[in-house]
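**Q** Need a 3D model of the sequence below.
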Amino acid sequence: MEIRELQWFTALAECEHVTLASERMNISQPTLSRAIRRLEARVGVPLFDRQQNRLRLNKYGEVFRAHALRAIAEIETAEQRVAALVDSDAGTVALGFLHSYGTWLVPELLSGYRSIAPRTTFELRGDAADSVVDGVRQGRLDLGLTGPRPAGDDLVWIPLRDEPLCVLVQAGHRLAVRRRVKMADLAEESFVALQPVFGLRQITDRLCAAAGFTPHVTLESTELSTLRSLVGAGLGVAITPTTGCPVDRRGPVVAVALDEAEAVRTVGVITPMSGIRSPVVRRFLDYVRSTSHASYA
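**A** Below you'll find the model as predicted:
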């Protein structure tokens, strides 16, 4: 049984007319008729009921057509996947990332990569750090851009760059006139912060612990833009990255640099420990690694 015979059969099953089907498939009527007889001989029953010059797909033919269509679709999918393996530009990359990276890092990477691999497509999924990590672990994502480094040894972590962190305070706050502050200066402050599943919240908690206090978190959010608004309303201070987080010092919120050398969020890419089999994903990862540098201010 050949794939082309299945294609001829499905064409005939659709129009139920040998002349029309043979014209559509660009074959002779005798060739089509012989192919159908071979299929019927193989399955052991007629697939069509003959009525003068017309054919009618019978109940056996209906069953056979359903399986033939699936077989044809599987072969076409296999051909597409093999073609993607041969051509490392053609294919799709499922990329997960922290929400805040969607405002600067992801557009930067995709803009640069599209100039060298315009046929690569992307499935973009912004989420919390834990969700991005789980997505890579479970195979829903090819790559994940996250920070800080995830716990566990079942993923490969490749650090790319460091984002300096700052503290956001309301204009008129006692620290708003400062250029730099230490984490210890924030011990008595109320904090607005991301929820604990977010990497930035985990970094904030560690910085506070290193300074000898536990932050008094009064409000939690899932977005950095919300944190800025909460700070502007005088509801607390917030630790945020300086990258992708523009703050006008003349506005209601002021960004003050943190004095600690550890006050950075390392941006990294995570991949499965089992490695990357897809050439299109591997090529994009190579590009991402080529853009890495020690800091990003």
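
**Q** what about the helices in this protein?
**A** Here the chain has its helices, by DSSP state H, at 3-15, 18-25, 29-43, 59-86, 105-114, 129-137, 199-210, 224-232, 279-290.

**Q** Need the ones you listed in CSV (columns: distance to Thr218 and mean pLDDT).
**A** For glycine as for every other residue, the C-beta is placed from the backbone atoms N, C-alpha and C. Converted to CSV, the helices of the chain look like this (distance: least, CB to CB, whole Å; pLDDT from 0 to 100):
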stretch, distance to Thr218, mean pLDDT
helix 3-15, 65, 89
helix 18-25, 70, 86
helix 29-43, 72, 90
helix 59-86, 50, 83
helix 105-114, 29, 93
helix 129-137, 22, 90
helix 199-210, 14, 92
helix 224-232, 9, 92
helix 279-290, 37, 90
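
**Q** Could you export those as JSON lines, including mean neighbour count and distance to Asp259?
**A** JSON lines is the format used below for these (neighbours: other CB atoms under 10 Å; distance: least, CB to CB, whole Å):
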{"stretch": "helix 3-15", "mean neighbour count": "18", "distance to Asp259": "69"}
{"stretch": "helix 18-25", "mean neighbour count": "16", "distance to Asp259": "75"}
{"stretch": "helix 29-43", "mean neighbour count": "15", "distance to Asp259": "79"}
{"stretch": "helix 59-86", "mean neighbour count": "13", "distance to Asp259": "50"}
{"stretch": "helix 105-114", "mean neighbour count": "16", "distance to Asp259": "25"}
{"stretch": "helix 129-137", "mean neighbour count": "21", "distance to Asp259": "25"}
{"stretch": "helix 199-210", "mean neighbour count": "19", "distance to Asp259": "11"}
{"stretch": "helix 224-232", "mean neighbour count": "20", "distance to Asp259": "19"}
{"stretch": "helix 279-290", "mean neighbour count": "17", "distance to Asp259": "31"}
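
**Q** so can I have a markdown table of those showing distance to Leu258?
**A** Converted to a markdown table, the helices of the chain look like this (distance: least, CB to CB, whole Å):
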| stretch | distance to Leu258 |
| --- | --- |
| helix 3-15 | 64 |
| helix 18-25 | 70 |
| helix 29-43 | 74 |
| helix 59-86 | 45 |
| helix 105-114 | 21 |
| helix 129-137 | 20 |
| helix 199-210 | 8 |
| helix 224-232 | 15 |
| helix 279-290 | 27 |
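
**Q** which phi and psi does Pro196 have?
**A** Per-residue torsions, Pro196: phi -60, psi -20 (degrees, to the nearest 10).

**Q** and it, how many neighbours does it have?
**A** For Pro196, the count of nearby residues is 13 (other CB atoms under 10 Å).

**Q** Give me the nearest residue to Thr10, chain neighbours excluded.
**A** Using CB to CB, 6 or more residues apart in numbering and skipping residues adjacent in sequence, the residue nearest Thr10 is Ala68, 5.5 Å away.

**Q** now Ser221
**A** In space, and not counting its chain neighbours, Ser221 is closest to Leu227: 5.5 Å by CB to CB, 6+ apart.

**Q** Same check on Thr214?
**A** Cys208 (6.3 Å).

**Q** What are the neighbouring residues in contact with that neighbour?
**A** Shown in contact with Cys208 (CB atoms under 8 Å, 6 or more residues apart in numbering): 183, 186-187, 214-215.

**Q** rerun at 10 Å
**A** The contact partners of Cys208, taken as CB atoms under 10 Å, 6 or more residues apart in numbering, are 183-184, 186-187, 191, 193, 214-217, 239.

**Q** same question, Gly144
**A** Counting by CB under 10 Å, 6+ apart, Gly144 touches 94-98, 125, 127, 129, 131-137, 150, 155, 157, 268-272.

**Q** For burial, what's the neighbour tally of Pro150?
**A** 21.

**Q** so it makes contact with Arg137?
**A** Yes. Between Pro150 and Arg137 there is a contact at 9.0 Å, judged by CB atoms under 10 Å.

**Q** closest one to Val264 among the helices of the chain?
**A** Closest of those to Val264 is helix 199-210, at 8.4 Å (criterion: CB to CB).

**Q** relative orientation of that closest one and helix 224-232 in degrees?
**A** 50 degrees (axes from the mean of the first three to the mean of the last three CA atoms, to 10 degrees).

**Q** Can you check which residues contact both of Pro150 and Arg137?
**A** Counting by CB under 10 Å, 6+ apart, the contacts common to Pro150 and Arg137 are 144, 270.

**Q** Need the phi and psi values for Pro148.
**A** Here is the backbone geometry of Pro148 (degrees, to the nearest 10): phi -80, psi -170.
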